[in-house]
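# need a structure here:
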Amino acid sequence: MPGALRRLLLELIVFALLSGALFEVGSSQPGPSTGLLASDVPMGWTNVTRFPTPPALAGAMMAYDSRYGVFVLFGGSDGEPTNGTWAFDPATGIWAQLHPEVSPMARADAMLVYDTAADAFVLFGGWNETPDGVYHRLADTWAFFTTNSTWVRRDPLSSPSPRSDVAAAYDVANGVTVLFGGFNGTNYLGDMWYYSYTNDSWIPRSSSRMPSARADGRMVYDAQHGRFFLFSGNDHSDLLANFHHLGDMWRYSWIDNVWTQIFPDVLPVPRTYAVFAADSAHGELLLTGGYGNRSVLGDTWAFNTTNLVWRNITTMDGPTPRMAAVGDYDPRHDLLVLLGGGGRYEIRADTWFFRYPPPIQGSIFVSSPEPVTGEPVEFHSESQGGSGSYVRFSWDFGDGQTGSGSSTVHTFGTPGIYRVVFVVGDSRGNQMVRTVNLPVGFLMPFWLDVSLLVVAGSIMCVIVVLLVRRHKSRTKSGAAATAQLPNAPCIQAGFRLAV
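Below is the predicted model of the structure:
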């Protein structure tokens, strides 16, 4: 929804002007790893920004071309709608601006999917703003061909009504693009359509049970199970950018034409303007960023399409929080590629790679850093990243005793310095090891015990020195007194002094 999105972006621009960081790649996050090959990218997030790069954009459209192994980016808003076309090669990390002879009208928040059967990107809808400040929803359909960098307008006999902010994905098995919902400038929509490139036709499709009307929901296709997954969206916003975000998730089968609401044990914060992509190598759906709970979000989640569970895999070294970024998954290199979006203080133009699963990160905490023998000590761990499903927590307290669980309690029986080792492992075989050296005292903290022993030893040394000196002093005094005695009486008495 352009009005709400633009209001949010204007708030961000005000912050950016105050901080002097408008439309710049900020320095508050890890610097780019320039020259890094896609095959060498480590697990987790990696900043791969290099110039040239597309301008700072929000609400752009991007999808992956599985034949040529490149991403194509179109449009977006830099304060005004744009219609630039860019290509990104993840193997080299290089962006290239393309210059088609004909391009679609400038727009943002449109649908862009890659149709593998047609070897073409399909663009539909979005919104445009005229110089008089009036927003117009669009209903045109275009195709883009990577092979010759050409846009071609399609002319279906019927189309969905003009709209933006739809949820859409391409079904590889059945060769159709499915579209759900959107916003027409007045109403939130809840209808479903599918597009056949071969027939150049949009056809409405209904089902006995469907998700509620919404815009800015995110939908992806899971090829492993042949199902679409729809997450969240919103069905209300006002002039103050207050949204009603929908905290639900749905699964759709094209063959059965059945929508089924699913209920995972935990859900990410309901949101709009997120990036949602299918990681086909691991059977996970990756979700990052967006706008929810009146905050720009920076978390990363993985949804397992077999177990139907969400797990938080956020790490500390990922992109700054952002909304209305674009991203998609590259199966050749097993990478999620993310570009731009609106942050808290700026509109960004940085490029990131994400390789699942990220490394496990975390720390361990001890209730008493200097316990004494017989005192129960609480050990607590905090872990993040990995697959998000942790299957092993083990503690080795260094005294021959062990423990389990993310938190545990242990009592040491004798004083000393113990090396405590904590290991956490996840469902994908990753692990993290953390250690801490813990001094344990006898009746008081270990180092105070040692200090008192040192002081006591020092005092004993002083006492011994004084006693030795006193003894020597007495010995010398006695010897001097003996030397002054007259020898005559002794001789006269028949004694001989032995010196």
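
# who's in contact with the closest residue to residue 136 other than its chain neighbours?
Once flanking residues are discounted, residue 136 sits nearest to residue 128: 5.1 Å by C-beta to C-beta, 6 or more residues apart in numbering. Quick note: C-beta positions are derived from backbone N, CA and C, even for glycine. Neighbouring residues of residue 128 by C-beta atoms under 8 Å, 6 or more residues apart in numbering: 81, 105, 106, 107, 135, 136, 138.

# out of the residues you listed, who's nearest residue 350?
Nearest to residue 350 among these is residue 81, at 21.4 Å by C-beta to C-beta.

# what are the structural domain limits within this protein?
2-355, 361-443 (automatic domain parsing).

# need those in TSV with mean pLDDT and distance to residue 473, can you?
Listed next are the domains of the chain as TSV, based on pLDDT from 0 to 100; distance: least, C-beta to C-beta, whole Å:
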stretch	mean pLDDT	distance to residue 473
domain 2-355	91	69
domain 361-443	95	39
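
# from residue 385, how far out is residue 231?
21 Å (C-beta to C-beta, to the nearest Å).

# swap in residue 284?
The gap separating residue 284 from residue 385 is 14 Å, by C-beta to C-beta.

# closest to residue 463 out of the domains of the chain?
Closest to residue 463 of the domains of the chain is domain 361-443 (C-beta to C-beta; 23.5 Å).

# residue 54: how many residues sit nearby?
For residue 54, the neighbour count with other C-beta atoms under 10 Å is 22.

# again, but for residue 203
Residue 203 has 14 neighbours, counted by other C-beta under 10 Å.

# could you find the closest non-adjacent residue to it?
Closest residue to residue 203 apart from its sequence neighbours, by C-beta to C-beta, 6+ apart: residue 194 at 5.7 Å.

# the residue most central in space within the chain sits in which helix or strand?
Central residue of the chain (C-alpha atoms, centre = their mean): residue 314, 3.4 Å from the mean position. Using DSSP states H and E, residue 314 sits within no helix or strand.

# so who does it touch?
Applying C-beta under 8 Å, 6+ apart, the residues contacting residue 314 are 298, 299, 300, 301, 384, 385.

# again, but for residue 111
Residue 111 makes contact with 61, 122, 123, 124, 125, 126, 166, 168, 177, 179, according to C-beta under 8 Å, 6+ apart.

# was I right about residue 136 contacting residue 126?
No: using C-beta atoms under 8 Å, residue 136 is not in contact with residue 126, being 9.6 Å away.

# the two: which is more packed in?
Taking other C-beta under 10 Å, residue 136 and residue 126 do not tie; residue 126 has more neighbours (32 against 16).

# show me the contacts for residue 404.
Counting by C-beta under 8 Å, 6+ apart, residue 404 touches 393, 394, 395.

# now the strands: where do they sit in the stretch 1-150 of the chain?
Taking DSSP state E, counting those that start in this stretch to define them, one finds strands in the stretch 1-150 of the chain at 44-47, 61-65, 70-74, 85-89, 94-98, 111-115, 120-124, 127-129, 135-137, 141-145, 150-153.

# let me have those in JSON lines, extended by distance to residue 288.
Shown next, in JSON lines, are the strands of the stretch 1-150 of the chain (distance: least, C-beta to C-beta, whole Å):
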{"stretch": "strand 44-47", "distance to residue 288": "9"}
{"stretch": "strand 61-65", "distance to residue 288": "14"}
{"stretch": "strand 70-74", "distance to residue 288": "16"}
{"stretch": "strand 85-89", "distance to residue 288": "17"}
{"stretch": "strand 94-98", "distance to residue 288": "20"}
{"stretch": "strand 111-115", "distance to residue 288": "18"}
{"stretch": "strand 120-124", "distance to residue 288": "22"}
{"stretch": "strand 127-129", "distance to residue 288": "24"}
{"stretch": "strand 135-137", "distance to residue 288": "27"}
{"stretch": "strand 141-145", "distance to residue 288": "25"}
{"stretch": "strand 150-153", "distance to residue 288": "29"}
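
# still on that earlier bit, compare the contacts of residue 314 and tell me which is most surrounded.
The most crowded member of the contacts of residue 314, judged by other C-beta under 10 Å, is residue 300 (27 neighbours).

# and that residue, what is it in contact with?
Residues in contact with residue 300 (C-beta under 8 Å, 6+ apart) are 45, 286, 287, 288, 312, 313, 314, 315, 318, 354, 358.

# give me the element the residue lying closest to the third one once chain neighbours are set aside is part of.
With C-beta to C-beta, 6+ apart as the criterion, residue 287 has its nearest non-adjacent residue at 4.5 Å, and that residue is residue 301. Applying DSSP H and E as the criterion places residue 301 in strand 295-304.

# chain center to that strand, what's the gap?
Chain-centre distance of strand 295-304: 7 Å, with C-alpha atoms, centre = their mean, to the nearest Å.

# what's the following helix or strand after it?
The helix or strand immediately downstream of strand 295-304 is strand 309-312, counting by DSSP H and E.

# show me what that next one is packed up against.
Packing partners of strand 309-312 (3 or more C-beta pairs under 8 Å, 6 or more residues apart in numbering; DSSP states H and E): strand 295-304.

# for residue 464, see how far away the residue lying closest to residue 408 once chain neighbours are set aside is.
Leaving aside its sequence neighbours, residue 408 sits nearest to residue 379 (C-beta to C-beta, 6+ apart; 5.3 Å). Counting by C-beta to C-beta, the separation of residue 379 from residue 464 is 44 Å.

# what does residue 297 give?
On the measure of C-beta to C-beta, residue 297 and residue 464 end up 70 Å apart.

# out of those two, which sits in the busier spot?
residue 297 (21 against 10).

# surely that one touches residue 273?
No: with contacts counted by C-beta under 8 Å, residue 297 stays clear of residue 273, the gap being 9.0 Å.

# where do the contact lists of these two overlap?
Both residue 297 and residue 273 are contacted by 289, 290, 291, 323, under the criterion C-beta under 8 Å, 6+ apart.

# which residues of the stretch 351-499 of the chain fall in strands?
Using DSSP E, counting those that start in this stretch, strands in the stretch 351-499 of the chain cover 361-366, 376-384, 390-396, 402-404, 407-411, 416-426, 431-440.

# which strands and helices sit next to the last one?
When contacts are defined as 3+ C-beta pairs under 8 Å, 6+ apart, strand 431-440 sits against strand 361-366, strand 376-384, strand 416-426, helix 446-483.

# mind saving the C-alpha coords of the third one as CSV?
Right, strand 416-426. Presented in CSV, the C-alpha positions along strand 416-426 are these (Å, rounded to 0.1, in the frame of the first residue of the first chain):
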residue,chain,number,x,y,z
GLY,A,416,40.1,-25.0,43.1
ILE,A,417,39.9,-23.4,39.6
TYR,A,418,37.5,-25.4,37.4
ARG,A,419,37.3,-25.2,33.6
VAL,A,420,33.5,-25.4,32.8
VAL,A,421,32.7,-26.5,29.2
PHE,A,422,29.3,-26.0,27.7
VAL,A,423,28.3,-27.5,24.3
VAL,A,424,25.0,-26.9,22.4
GLY,A,425,24.1,-28.8,19.2
ASP,A,426,21.2,-28.3,16.7
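
# direction included, what does that strand pair up with?
In the sheet, strand 416-426 lines up against strand 390-396 (antiparallel), strand 431-440 (antiparallel) (DSSP bridges).

# residue 169 against residue 178, yeah?
Yes: counting by C-beta under 8 Å, residue 178 is a contact partner of residue 169 at 6.2 Å.
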